[in-house]
Every structure is written in structure tokens, then in C-alpha cells.
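1. Pasted the sequence and its predicted model underneath.
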Amino acid sequence: MNIPTPPLPNDLYSVSQVKKLEQLACKRQGINSFQLMKNAGAAALKLTKKAWPKACEILILCGSGNNGGDGYIIAGLAKREGLDVRVLQLCRSNDLKGDAKLAYDFACSHDVSMQAFTNLSEIGKKVGFDTIIIDALLGTGICRTVSGHYRRAIEGINSAGCPVLALDVPSGLNADTGKPTSQAVAADITITFIGMKQGLLTGEGLDYCGRIFFEKLDLPDSIFESNLSPAPSAQRIDINLTKSHLSPRKKSSHKKHHGHAVVIGGDHGFGGAVILAAEAALRSGSGLVSLITRSEHRSAALSKRPELMIFGTEDEDADLESVLARATAIAVGPGLGRSDWSKKLLQLVLTLNKASSIPIVVDADALNLLSEELDVERMARCNNWILTPHVGEAARLLGCSIEEVQNDRFAALRKLTTEWGGACLLKGSGSLTCNIGVSHSMCLCSEGNAGMASAGMGDVLSGIIVSLLGQGFSLFDALNCGVCIHGKAGDLAKEFGGERGLLASDLFPHLRELVNPCLK
């Protein structure tokens, strides 16, 4: 399966929004809904043949709705082309309605072999060495637990050991949230139609979709751009976003033109986190970076990165307030811990943030302290900070379980931003960002890989974001560009040796390249 994956669209939609787009196409443009189904089937068959050119047989499992109709169309088209195709039906032919019934009749007119699905073993008996399975069971029509024949069919698909193409959405996956309802098809390829569904690109959605291909089905742009069209629920962002923000520097510039980032953290035993964040800030273009940490970490920090200015909290002449007052942006949290020392530093930063316009990035244990300290929490909410929690930290900030956050990452992030203010990030597979009140305020970053699930990666991200913030980026621009640069750096690092063993410091050689796109 050596075929390139074309870029996905930037506009992301909920399932209900995609249905509205389809309705607009049919009612306002006079497009026949059955013709759309035929276009979808033709696109899916074309992709199947391109992805698996040596396949000898296609086995299609068809459900009762329009997703099953897509499957019947593929079956008829494949048979017409002389391919060996068979259909397992999970709905009686007499119960099919509308376009799905028309599609069934189309398949029948081409003498497609069909039989009812009755048990799990049927799938295993009907697959060979070169069989491709097409999932046309449920699509976007599932919003409850999968049970009965449908559950057994999904189990059969997943245990067959054959390549799988899912139509529109892997059956059993919630296309709005990326959460499987109970049992979901694990596809090798998903081809999705009309609008890019937001849930396919975040959380567990990426585990089930495999490689994702998008088909607009030749709908005119007016369907997506009219006054009646639903606004996208989110925007997909990638490294291309940064090109418009990272312009060449003036030849007359000096270090004070490029921001003074201050990074705070590194309690006893956690010096590595704050050093990683500080170096990331330097590598991302900060003119100056100061590090406020335990004095015991000075030697390690200077030996690693002598360009840093180190201020030890145990130094007799430490004047931390004056250091913070000179900052253009502050990051607090990497390796901060939860000791009294940690709380005092966080309180110092929050007090300064309330009294000045200096923006801050709050990460790691600083987030945990916000969720634990009621007095700090009451003081803390503001609109001049960036919060960067992973799922566990987000759950603590919201006072809910990790499972509740993961059940709907979009809703969780909206609530987090509403309750805590500023710009917020929800890390993880398909990281999400949000800034309430901004047009297209929800964004989803499609950069990054599973190798980045390792120690220190979040610290590097905080360093990138505070650097951009200190260089004059707005909260949301700094967050979005930072997430994209971080993810892309991880992808470039992956190319040199794979995902396992990928270290946070492996990103550093790529940061300089990515914050200078104008040099390419």
C-alpha cells in the first residue's frame, strides 16, 4: 500500500454539519442524493484498486443505512469491472429504504453475489490471501453502543487479518468525538466524504482510521461558503500555518527586539525539565532567555546551554521580581513540583500577571497547583495566559475524570477555556487549541506522532510557545504556531530512526529550521 496521502482539508465539521451540507447540495443546487452516493462509491472503488492493486477479491459488509448504500454501489461497480466481489448483508433487502434501496437494486442489476450475515465465522470463511474487506456497516449513523449482529460483524472484520477500507467513518467510531462507542472497526484506510469529520483526527480516532483520504464528491464551493452553510466546527492546522507568522527579521535588529523569555521551574530532582524548556525557547528565536530555578541546577544548565542567564532561588542576591519585570513572556511549570517553594514561585508569577500585561504560559505542575489550591484558583482566572494541560491535568482543572475528558475532547476543551480564560491546549493525539471569542476558535493540529509520548516533550513545547509569545505573537497565534512547530519537529526527528526511543532533545536540531521557513 505505497500510495501518497493527499493533504486533508483545513475545515473540520461535526456529523450534523456534514448532513446540512449534503442537504444544501440537494435542495439548493439540485444535486441528486443518489448521484452523490454513486460518486462516493466510485471514489472508494478507485482508491481500493489504487491502494491494493493485486487484490483478487473484495468482501463488502453492508448495513441498513446510506453507508450500506455506498457499499452496494461499490459492489455493483466492481462487478461491472469484472472484479470478484461479494456482499454480506446485515439488513434484510426488504427493509432497505430510499437511496440505500436504490443502491441495492443497482448491485442486483449487476448480479452481485449476496447473502445474509449470521455469525462471526462467516467472515473468516470468506476471506482469502488477497481479500480486501470494505466496511459499509454504520458510518456516521452510530451514536450508541454497538450490539448484536453489528458487533459480531465488527469483531469479524478486525480478526480476519485482511486489509480494511472504511467508508466515511470506521463503523462504531463516533465521528464527532473520536471515541469508539464500544466495538469499532480498525481500518487500514478510511475514505470520508463531503466534509472532514472532526473526530477522525483526534483522540482514539486516529487509532481506528488508519490513513485518511478525503473526497469532496465534486460539490461546488458555494455549498461550503454560502450564508446558509454551517461554519466549520474547527480548523485543522499544520506547519504551513507558521509561514505567514515567521517573516524574515530586520537586518538592523538586535537581541532585545526578539523577546526576553523567562522560564521558571526545576525543584529538587527536576532540573532537566526546566533546562529543556529554556533551551527550546532559545532555539525558537528568543533574543534572551532567563532561567529561574533551584541554585543547584546552575552548573547543569550552563554546561548544557551557556547562552542562558541563570537565577538561582537560593542565591543571596536573588532579585526575582526584577528579572520577571524585564520579561516579555513567562513560562512556569516545567519541573516545578508541588512544594512550598513551588507554590511561592507560582504565586509570584500570578501576582505579576494580574498587575502587568506580561503574558504567561502555565504548564505541568503549575497546572496541578491551580487545580489544588482554592485560593490560587480564585485569583488565577485571567485572559492573558496560555494553559497547556495533558488529559490528566485537564481533568483535574475541570474536576472530572480522565475518561470524561477523552469521551469528548472538544467539549472538554471548550469548558476548560470558558472556566479558566485565555488560550488553552489539550495535548494528545490530535492536540486541540481553543480561544473563546475568536473566529474559528477551535483548532486541531495534525502534526506529531506517537514517538512524542515521552518524557520532556511537553517541556520543549512550553519553551517554544513562550518564545513565540515573547517575540510578540498573540496568545492564540503563539499557541497554534508552537504546537505545529513542536509536532513537525517530532515528525522530522522520527524520520531519522523511528518512533521508539525518540527523545525530547531530538527535536532541537529541527526547531531552528522550522522557525525560519523563509530560508527554504
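-> Okay, I see it.
2. what number of residues lie near Ser109?
-> Applying other C-beta atoms under 10 Å, we find 11 residues neighbouring Ser109. The way it works is simple: take the backbone N, C-alpha and C, and place the C-beta from them, glycine included.
3. Please read the previous query as pertaining to Pro9.
-> Other residues within reach of Pro9, judged by other C-beta under 10 Å, total 15.
4. Tell me who's in contact with the closest residue to it other than its chain neighbours.
-> Residue nearest to Pro9 in three dimensions, not counting chain neighbours: Met196, with 4.9 Å by C-beta to C-beta, 6 or more residues apart in numbering. Applying C-beta atoms under 8 Å, 6 or more residues apart in numbering, we find Met196 in contact with Leu8, Pro9, Asp11, Leu12, Tyr13, Phe214, Arg236.
5. And the strands in the stretch 101-250 of the chain?
-> Using DSSP state E, counting those that start in this stretch, the strands of the stretch 101-250 of the chain run over residues 113-116, 131-136, 164-167, 189-193, 196-197, 211-215, 234-237.
6. In JSON lines: the ones you listed, plus distance to Ala278.
-> Putting the strands of the stretch 101-250 of the chain into JSON lines (distance: least, C-beta to C-beta, whole Å) gives the following:
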{"stretch": "strand 113-116", "distance to Ala278": "64"}
{"stretch": "strand 131-136", "distance to Ala278": "48"}
{"stretch": "strand 164-167", "distance to Ala278": "44"}
{"stretch": "strand 189-193", "distance to Ala278": "41"}
{"stretch": "strand 196-197", "distance to Ala278": "38"}
{"stretch": "strand 211-215", "distance to Ala278": "37"}
{"stretch": "strand 234-237", "distance to Ala278": "26"}
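7. SS state for the residue nearest the centre of the chain?
-> Centroid check for the chain by C-alpha atoms, centre = their mean gives Gly430 as the closest residue, at 1.3 Å. Secondary structure for Gly430, judged by DSSP: H, G, I helix; E, B strand; the rest coil, is coil.
8. Which members of the contacts of Met196 are the farthest-apart pair?
-> Across those, no pair lies farther apart than Leu8 and Tyr13, at 12.2 Å, counting by C-beta to C-beta.
9. and Thr433, that one's in a strand?
-> Yes. Counting by three-state DSSP, Thr433 is located in a strand.
10. Quick check: the closest residue in space to the residue nearest to the centre of the chain that isn't next to it in sequence vs Thr328, distance?
-> In space, and not counting its chain neighbours, Gly430 is closest to Thr202: 3.0 Å by C-beta to C-beta, 6+ apart. Applying C-beta to C-beta, to the nearest Å, the value for Thr202 to Thr328 is 32 Å.
11. Double-check Ile157 against Asp135; I have them as touching.
-> Yes. With contact defined as C-beta atoms under 8 Å, Ile157 counts as touching Asp135 (6.1 Å).
12. so what does the helix or strand hosting Val289 touch, helix or strand wise?
-> Val289 is part of strand 288-293, with elements assigned from DSSP states H and E. Packing partners of strand 288-293 (3 or more C-beta pairs under 8 Å, 6 or more residues apart in numbering; DSSP states H and E): strand 260-264, helix 271-283, strand 309-312, helix 320-325.
13. 6 Å instead, please
-> strand 260-264, helix 271-283, strand 309-312 (3 or more C-beta pairs under 6 Å, 6 or more residues apart in numbering; DSSP states H and E).
14. Adding mean pLDDT, mean neighbour count and distance to Ile436 as columns, could you present those in JSON lines?
-> Listed next are the helices and strands packed on strand 288-293 as JSON lines, based on pLDDT from 0 to 100; neighbours: other C-beta atoms under 10 Å; distance: least, C-beta to C-beta, whole Å:
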{"stretch": "strand 260-264", "mean pLDDT": "98", "mean neighbour count": "30", "distance to Ile436": "25"}
{"stretch": "helix 271-283", "mean pLDDT": "98", "mean neighbour count": "28", "distance to Ile436": "26"}
{"stretch": "strand 309-312", "mean pLDDT": "96", "mean neighbour count": "19", "distance to Ile436": "35"}
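15. With distance to Lys49 added, can I get these in TSV?
-> Below are the helices and strands packed on strand 288-293 laid out as TSV (distance: least, C-beta to C-beta, whole Å):
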stretch	distance to Lys49
strand 260-264	52
helix 271-283	45
strand 309-312	61
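16. Nearest to Ala423 among those would be which one?
-> Among the helices and strands packed on strand 288-293, if distance is taken as C-beta to C-beta, the winner is strand 260-264, at 16.8 Å.
17. I'd guess Glu307 is in a helix, am I close?
-> No. The assignment for Glu307, made by three-state DSSP, is coil rather than a helix.
18. burial count for it?
-> Neighbours of Glu307 (other C-beta under 10 Å): 11.
19. For the closest residue in space to it that isn't next to it in sequence, give its distance to Val262.
-> Once flanking residues are discounted, Glu307 sits nearest to Leu282: 5.8 Å by C-beta to C-beta, 6+ apart. Using C-beta to C-beta, Leu282 is found at 12 Å from Val262.
20. Tally up the residues packed near Met384, please.
-> Just to correct that, residue 384 is Asn rather than Met. 15.
21. Just confirm it contacts Val361, I think it does.
-> No. Assessed by C-beta atoms under 6 Å, Asn384 is found out of contact with Val361, at 10.9 Å.
22. Centroid-wise, who is the farthest residue in this structure?
-> Glu316 (46.0 Å).
23. re the thing from before, okay, angle between the strand holding Val289 and strand 260-264 too, please.
-> 10 degrees (axes from the mean of the first three to the mean of the last three C-alpha atoms, to 10 degrees).
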